[in-house]
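Peer 1: sequence below, structure please.
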Amino acid sequence: MIEKVRNIGIIAHIDAGKTTTTERLLYYTGKTYKIGDVDEGTAVMDWMDQEKERGITITSAATTCFWKGYKINIIDTPGHVDFTVEVERSLRVLDGAIGIFCGVAGVQPQSETVWRQSEKYNVPRIIYINKMDRVGADFFRVVEDIRKKLGSKPLILVLPIGREDKFTGLIDLVEGRIIIYDSEFETEAKIKEIDEQYKEEFEKYRNIMIEELAEIDEMIMEKYLNGENMPIDLLKKVIRKGTLLKKIFPTFCGSSLKNKGTLLLLDAICDYLPSPIDRGEILGVNPITGKREKRKPITEEKFSGIVFKIFNDVHLGKILYGRIYSGQIKKGDRVLNSSRNRKEKILKILEIHANKYFNKDFAIAGDIVGIIGLKDTFTGDTLSDENSPIIYESINFPEPVIYSAIEPITKSDYQKLYDTLKKMIEEDPTLKLKIDEETGQIILMGMGELHIDVISERLKREYKIPVRLGKPEVAYRETITQVCEGEGEFLNTIGDKLNYGYVFLRIEPGKRGEKFKFFNMVDKTKLPLEFVPAIEEGIKECLEVGIYGFPIIDIKVFLVDAIFNPETSTPFGYKVASNIAFKNAYKNGSPVILEPIMRIEILTPEEFIGEVIHDFTIRNGKVLNVDIHGSTGIINGSVPLKKIFGYSTILRSLTQGRGSFIIEPLYYEVVSEEEFKKIVGIGIF
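Peer 2: Alright, predicted model coming up:
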């Protein structure tokens, strides 16, 4: 039954306990017979060698487990910002999520980022405050942190008994009971009635919970005003209602590492998070008519789904991870890639458990499965019934911010390296590749130093291609600062055909983060619509390299005028004409170079805060705020990317090896005149 399917993601800041929590969910549902440990490198979901060695999640891992008659598809996502693409594409296809927060650190930069990502995709969430056994853990401070920083409304459903190393149990406000963890395993916890010691606290927070639910449901309001008892079933029903509407976020706490609190999470997934049916009809566009259409998440509907990830397995080859939105598919079916108008054949359907795969004969609406056999399908593509095409919203990926030259140790491996990197880019759309025209070097672009480093390690271990990396460099961008105009005309005979095109373009500066927007201002009576895509394609080609050799971003291009000749005008003619027009205009727009500014979070023992801040400001860093949690200082700020290369070594030196940091792209800023001269003088590409 699709009503009993839950597609959920585990999202959080790095080291909040996502994988540790997932391992408990798998153990208690009987999916695994032993609890995996991240620190020992035995976690099932962190299966890559590098994940085990580094103690972090690098790639999102999917699995399926069962609990009390419910089928739960879980995706455990990375917390490190360099791999935020994994969170983005996972949230695109999930129905619900568990946001995990550290009981000591509270809302951290990446936990805020993934929370905003889940809001973008309209995903209902449960909150789980982990590590309640740690020194400095404070449940209520983290709840308040979530209210203020995320602007969200946590609904407290449990209260911790004890703090830090005295954290021994939970008060369950919904069921009206106490859970005492006095054994190694949660299944052996003692369940008690609310006794006198906790009665006052229980009643206080239960009333707060009911008051908040009364704002959502009239029946709760009526019973509350009349002083009637609240049936547990009614409470759960209204909590579910508020969760699906995203008015509230059921909030739990525990210590996953110590096996405290995760069984309540399993119940909450089933009780409060949505099924595919709850998420409702899925909107898309019919590629033939251009009109919006809907698909119901039921098996009787025509098949549709989206590919959200590609993984090249050593033994099975190219595996596409897909979410089935409607209908069903069987092994051997032919389907349509609506995004590319390609017909494909499904050779195998797989159930996924981390890096293990099991054959299935079919998949239905709500399933998340692996598919083998699709040759011309890529991340973000929509699959559909051959006779009922639809295209769903694709997945947007951030642009890379750094690049590094990469070359094989053995020269004869050059082509093998290039081909392998092309495969890796299929898997990870935040990687980009180009060849330096002057040197012939392969240039690899990514989201950060760790990202590039992980790729080089994968090349060596998985593909047996040892490589050398050049010094990381900033991936600058270009844009214009004033409105400019230009015209382009093309007339040439290619083969025996005359190709003609004429366009007049206006380019305007866009907002930061807007990338590229195209507007056609020419009436279709003057220029047939079928030629407009060729004009846009010609402009897009120009965006790849600007005057200073960097990609162009944050501009708006208006097609103001065009000349059409029914006998000689061709798409190729317009494509070349728009290319000429853009280049003529762009040079008059006072182009500037942009550099990435990064948001940074630095963790340091309290005694080193002064030295760290002093060094940080020397690097043109701006301190936003400094928080103290226990004996740890947390410095939040922003800094130009070029000033932070190699910072991990410097920070370790300043803090006797105890400091750490993470960075993520914040915005682009025009480089200083001095920096501009350096860049243009050097000539990066």
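
Peer 1: nearest residue to the spatially most central residue of the chain other than its sequence neighbours?
Peer 2: Most central in the chain under Cα atoms, centre = their mean is Glu88, positioned 2.0 Å from the mean C-alpha point. Spatial nearest neighbour of Glu88, chain neighbours left out: Gln117 (6.0 Å); criterion: Cβ to Cβ, 6 or more residues apart in numbering. No exception for glycine: its C-beta is placed from N, CA and C like everyone else's.

Peer 1: contacting residues around Leu234?
Peer 2: Going by Cβ atoms under 8 Å, 6 or more residues apart in numbering, Leu234 touches Met219, Ile220, Lys223.

Peer 1: now, which of those residues sits nearest Leu170?
Peer 2: Ile220 (23.0 Å; Cβ to Cβ).

Peer 1: check which helix or strand covers the closest one.
Peer 2: Counting by DSSP states H and E, the element that carries Ile220 is helix 218-225.

Peer 1: now Ser118: which helix or strand?
Peer 2: In this assignment (DSSP H and E), Ser118 forms part of helix 109-120.

Peer 1: okay, and the helix or strand of the chain with the least pLDDT?
Peer 2: Every helix and strand in the chain was compared by mean pLDDT, DSSP states H and E; the lowest is helix 49-54, with a mean of 48.

Peer 1: and the helix or strand that that one is followed by, what does it pack onto?
Peer 2: Toward the C-terminal end, the helix or strand that comes next after helix 49-54 (DSSP H and E) is strand 61-67. Contacts defined by 3 or more Cβ pairs under 8 Å, 6 or more residues apart in numbering; DSSP states H and E place strand 61-67 against helix 18-28, strand 70-76, helix 262-272, strand 348-353.

Peer 1: direction-wise, compare strand 61-67 with helix 262-272 and give the angle.
Peer 2: With axes from the mean of the first three to the mean of the last three Cα atoms, to 10 degrees defining the directions, strand 61-67 sits at 80 degrees from helix 262-272.

Peer 1: buried sites along the helix or strand encompassing Ile455?
Peer 2: Per DSSP H and E: Ile455 is located in helix 449-461. By 16 or more other Cβ atoms under 10 Å, the buried positions in helix 449-461 come out as Glu449, Leu450, His451, Ile452, Asp453, Val454, Ile455, Ser456, Glu457, Arg458, Leu459.

Peer 1: what of stretch 323-336?
Peer 2: Buried-residue list, stretch 323-336, by 16+ other Cβ under 10 Å: Arg323, Ile324, Tyr325, Ser326, Gly327, Gln328, Ile329, Lys331, Asp333, Val335, Leu336.

Peer 1: now stretch 397-417
Peer 2: For stretch 397-417, burial by neighbour count (16+ other Cβ under 10 Å) applies to 397, 399-408, 413, 417.

Peer 1: from these, which land in strands?
Peer 2: If you go by DSSP state E, the buried residues of stretch 397-417 have Ile402, Tyr403, Ser404, Ala405, Ile406, Glu407, Pro408 in strands.

Peer 1: tally of neighbours for the closest residue to Ile8 other than its chain neighbours?
Peer 2: Once flanking residues are discounted, Ile8 sits nearest to Gly96: 4.7 Å by Cβ to Cβ, 6+ apart. Neighbouring residues of Gly96 were enumerated by other Cβ atoms under 10 Å; the total is 23.

Peer 1: for Gly96, list the residues it contacts.
Peer 2: For Gly96, the contact set (Cβ under 8 Å, 6+ apart) comprises Arg6, Asn7, Ile8, Gly9, Val123, Pro124, Arg125, Ile126, Ile269, Leu273, Pro274.

Peer 1: touching, Lys246 and Asn122? I think so.
Peer 2: Yes: with contact defined as Cβ atoms under 8 Å, Lys246 and Asn122 form a contacting pair (7.4 Å).

Peer 1: quick check: beta-bridge partners of Lys622?
Peer 2: Beta-bridge partners recorded for Lys622 (DSSP bridges): Ser638.

Peer 1: can you check the one 10 residues further on too?
Peer 2: Here Thr632 shows beta-bridge partners Pro605, His629, assigned using DSSP bridges.

Peer 1: give me the pLDDT value at it.
Peer 2: For Thr632, the pLDDT comes out at 81.

Peer 1: ok, now Gly448?
Peer 2: As predicted, Gly448 sits at a pLDDT of 79.

Peer 1: okay, now it: neighbour count?
Peer 2: 25.

Peer 1: quick one: contacts of the biggest helix by length in the chain?
Peer 2: Using DSSP state H, we find that the single longest helix of the chain is helix 196-214. Helix 196-214 has contacts (Cβ under 8 Å, 6+ apart) with 153, 155-157, 159, 161, 171, 173-174, 176, 178, 194, 220-221, 224, 230, 235, 238-239, 242, 248.

Peer 1: try it again at 10 Å.
Peer 2: When contacts are defined by Cβ atoms under 10 Å, 6 or more residues apart in numbering, helix 196-214 is touched by residues 153-159, 161, 169, 171-174, 176-178, 192-195, 219-225, 230, 234-235, 237-239, 241-242, 247-248, 250-251.

Peer 1: of those residues, which belong to helices?
Peer 2: 219-225, 234-235, 237-239, 241-242.

Peer 1: dump these into a markdown table; add distance to Thr299 as well.
Peer 2: A markdown table is the format used below for the ones in helices among the contacts of helix 196-214 (distance: Cβ to Cβ, whole Å):
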| residue | distance to Thr299 |
| --- | --- |
| Met219 | 34 |
| Ile220 | 35 |
| Met221 | 39 |
| Glu222 | 39 |
| Lys223 | 39 |
| Tyr224 | 41 |
| Leu225 | 44 |
| Leu234 | 32 |
| Leu235 | 32 |
| Lys237 | 26 |
| Val238 | 30 |
| Ile239 | 29 |
| Lys241 | 26 |
| Gly242 | 29 |
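
Peer 1: now, of these, which are buried?
Peer 2: Buried by 16+ other Cβ under 10 Å: Ile220, Lys223, Tyr224, Leu235, Lys237, Val238, Ile239, Lys241, Gly242, out of these.

Peer 1: leaving out the residues flanking it, which one is nearest to Ser32?
Peer 2: For the record, residue 32 is Thr, not Ser. Spatially, and ignoring its direct neighbours in sequence, Thr32 is nearest to Leu26 (4.6 Å; Cβ to Cβ, 6+ apart).

Peer 1: quick check: that neighbour touching Ala354?
Peer 2: Yes: with contact defined as Cβ atoms under 10 Å, Leu26 counts as touching Ala354 (9.4 Å).

Peer 1: which one's more surrounded, the two?
Peer 2: For Leu26 versus Ala354, neighbours defined as other Cβ under 10 Å are more numerous around Leu26 (26 against 20).

Peer 1: kindly reformat the buried residues of stretch 397-417 as a markdown table containing distance to Ile597 and pLDDT.
Peer 2: Output for the buried residues of stretch 397-417, formatted as a markdown table (distance: Cβ to Cβ, whole Å; pLDDT from 0 to 100):
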| residue | distance to Ile597 | pLDDT |
| --- | --- | --- |
| Phe397 | 20 | 78 |
| Glu399 | 14 | 79 |
| Pro400 | 15 | 82 |
| Val401 | 10 | 80 |
| Ile402 | 13 | 84 |
| Tyr403 | 17 | 85 |
| Ser404 | 20 | 87 |
| Ala405 | 24 | 88 |
| Ile406 | 26 | 91 |
| Glu407 | 30 | 91 |
| Pro408 | 34 | 91 |
| Asp413 | 37 | 91 |
| Leu417 | 32 | 92 |
